[in-house]
Structure formats: structure tokens, C-alpha cells
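Undergrad: Provide a 3D model corresponding to the input given below.
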Amino acid sequence: MPNLRLISQVVLLAALALTRTAAATPIRIGVPERENLQYLTLWVALGAGDFEAEGLEPHLVVADAPYQSGRLLLQHRADIALLQPPVYLGMMAQGKPIVLFANLLANDAIDLVVRPDVVALRKLDPAAPLIERLRAMRGLRIGVGNEPPRRLRVLFALAGMDADRDIQMTIVGGQDQIEAFADGTVDALYTHTPFLEEALVNRGGVLMVNQSAGEVAPLSGGEIHSLAATREYAAANPETLRAVSRAVARAESRLHRDAGAAARALVKAGLHSPTPTHLATIVGLYRSAVPATPKLSAAAIEHDALLYPARPTMPDFSRIRVADFLAPGF
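TA: Residues are numbered from 1 along each chain as shown. Below you'll find the predicted structure:
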């Protein structure tokens, strides 16, 4: 004889599941790139199901070029989007109708790694105080991409050094950085993923400055990557933005609490590294760069304007109020 009570429970659970699915709110999330591990907070939230836990149904929309995620908002191709400082600063300068509502990355994701033979020759000590480490690197050939030199100058200025005089700053395109590091063209790299973990894992590099961990105060506590929406969308969908912010908070907590779970979520979200060691290395570095909460800071945004370029131009904060571009209530 069939167990009617059991059957009714199964039917009820199925109905509840269908109700939850039907009630899920679709949300289109614009991203600058699909494979960049610097956006790990968002990837972890997606891979761990944090959006679904908040009643959302996320759909990724990838920008046509890495710095065009803001266009996805203005063209109504995305409901929210991940914006980097050059993008959101430029949009503020132009008075675009956007608001930032969640901080995904607070510390600079660029670290300084030195070739192992140079470490041995110079007797560099990665455990020495930061100022001593910087001074010990005087004269090194340091490879850096086109945009980070301003931050490299800030780093060495902490030790009273002039990066344009006291080191040999060498501009090296991202795809050429590992080759330059491997063949001795440069002694060190000031770089980010995927070149950072490759230099550490496969090239024996030694991490000499861990900016991601916040040890360089002027390059910490910022608004490196933020989620944004148009003012129109934010006004019409406040509960959705609150749910997104809670999903981000879940991911940030997971990154700080459990690196293994965060790495598994990245893989589930479709993010891959050459080996599990590469992935574990970058998660180990970048999880410290993730803020404790998605809370925004107007002061941090103004400070970012001193460190990053802006496209097409930098906002004049003597005339523009950062608060007009923030939705901190979320």
C-alpha cells in the first residue's frame, strides 16, 4: 500500500522547489573579462551559489573589451556590472548616471616577485621589514606593465626612494613578462595574475612585496573593483541590489574563512589555472585583498584617483561629489 504521507511530502517539496525556481529574480551581470582571477569575489559568489541563495538567477554578460563593462550598463545590456577604477572614475568625470553599491576588492592585486638567483646573489630577505626589502632592491631591473608604474613609484617612495632613479623600471607587456623573467631580461616583476602565480610556481620566484595582503598602506583599503548599476535600475530594484550585496558578502566571508572552498567555487564558476597549485597560490594571495564586507568608501575612491588612470578623463573632485555616485545603503 503506498505511503500517502511520504508521497504528499515529496509532492510538497517538489512544489516548493518549483515555486522557488519560478520566484527567482533574473539578473544580468556585466563583466570586463571572463577569465580574470582578479574578479575572484564575483566568481566565488557565482560558483558557490550565493546568488541563488538570495533568490537571484544570475546571467553573465561579457564586455566586448576589458574596459567596456560600463557600456553594458548604459546600453541596458546588463543590470549590474563590475567596474575597475579607470572605468568608474571616467564615468564619474562624464557625469554618467551610475551608482556603485558593492566593493569586491580592497587591496591592490599587484605584487612584486624576484628571480631566485637574484635573491641569492643579493641575499634578499623576504621576511625583513618592508623598508629594508625595498632598499635592498636598489638598482634591480623591475618589469612592469603600462599602467602600474604610478603605483610602483608609490611603493618605493615608502623607503624614500625614487623609482625612476633608484631602480631600472622596464615596461614589459603582460604576455611578455614571464619570458623576460625567465631569460633574465628583468630581475623582478611587479605583476598580477596570471603572470604572478606563474612566476612563483613554475619559475621559482620569491615574493618580496605582498601588496595583496595590505602591507603597503597607500595601496590598500581601496575600491579596486566595484559593482555598479544605473541610477534608474537602483531606484527601481532596491531589493535586488540588497540581495546582490548579501551574495557578495557571503563570498567575501567564504574567501576569508575557507580558501579551499573558495578555490572549488572558482572551478565550478568556470575559472581555471594551469594546475591546482597555480589556483591555490593565487587564491592564497588574493583572498587577503578582499574586503571584509562590500561596504563602500568615498574616501577610498578619491584616493584611487591618485593611483589609477581614468578613461577618458579624471574627475575633478573639487566639483564632483563622490557621494552622488554611491548607493551605500545596499
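Undergrad: which residues touch the spatially closest residue to residue 83 that is not a sequence neighbour?
TA: In space, and not counting its chain neighbours, residue 83 is closest to residue 228: 5.0 Å by CB to CB, 6 or more residues apart in numbering. Yep, even glycine has a C-beta here, placed from its N, CA and C like the rest. By CB atoms under 8 Å, 6 or more residues apart in numbering, the contact set of residue 228 is 70, 73, 80-83, 88, 98-101.
Undergrad: which among the residues you listed gets closest to residue 34?
TA: Nearest to residue 34 among those: residue 82, at 11.4 Å, using CB to CB.
Undergrad: give me the three-state assignment for the closest one.
TA: Using DSSP: H, G, I helix; E, B strand; the rest coil, the structure places residue 82 in strand.
Undergrad: next: residue 146.
TA: coil.
Undergrad: same deal with the one 10 residues further on?
TA: Look at residue 156: counting by three-state DSSP, its state is helix.
Undergrad: coming back round to it: which among the contacts of residue 228 count as buried?
TA: Using 16 or more other CB atoms under 10 Å as the burial test, these include 70, 73, 80-83, 88, 98-101 as buried.
Undergrad: now render those residues as a markdown table, adding pLDDT and distance to residue 242.
TA: As requested, the buried ones among the contacts of residue 228 are exported to a markdown table (pLDDT from 0 to 100; distance: CB to CB, whole Å):
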| residue | pLDDT | distance to residue 242 |
| --- | --- | --- |
| 70 | 97 | 22 |
| 73 | 98 | 18 |
| 80 | 98 | 12 |
| 81 | 98 | 17 |
| 82 | 98 | 18 |
| 83 | 98 | 19 |
| 88 | 97 | 20 |
| 98 | 98 | 18 |
| 99 | 98 | 13 |
| 100 | 98 | 15 |
| 101 | 97 | 9 |
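Undergrad: one step back: list just the nearest of the contacts of residue 228 to residue 288.
TA: The closest of the contacts of residue 228, once distances to residue 288 are taken by CB to CB, is residue 82, at 19.6 Å.
Undergrad: what bridges to that closest one?
TA: residue 227 (DSSP bridges).
Undergrad: gap between it and residue 45?
TA: 11 Å (CB to CB, to the nearest Å).
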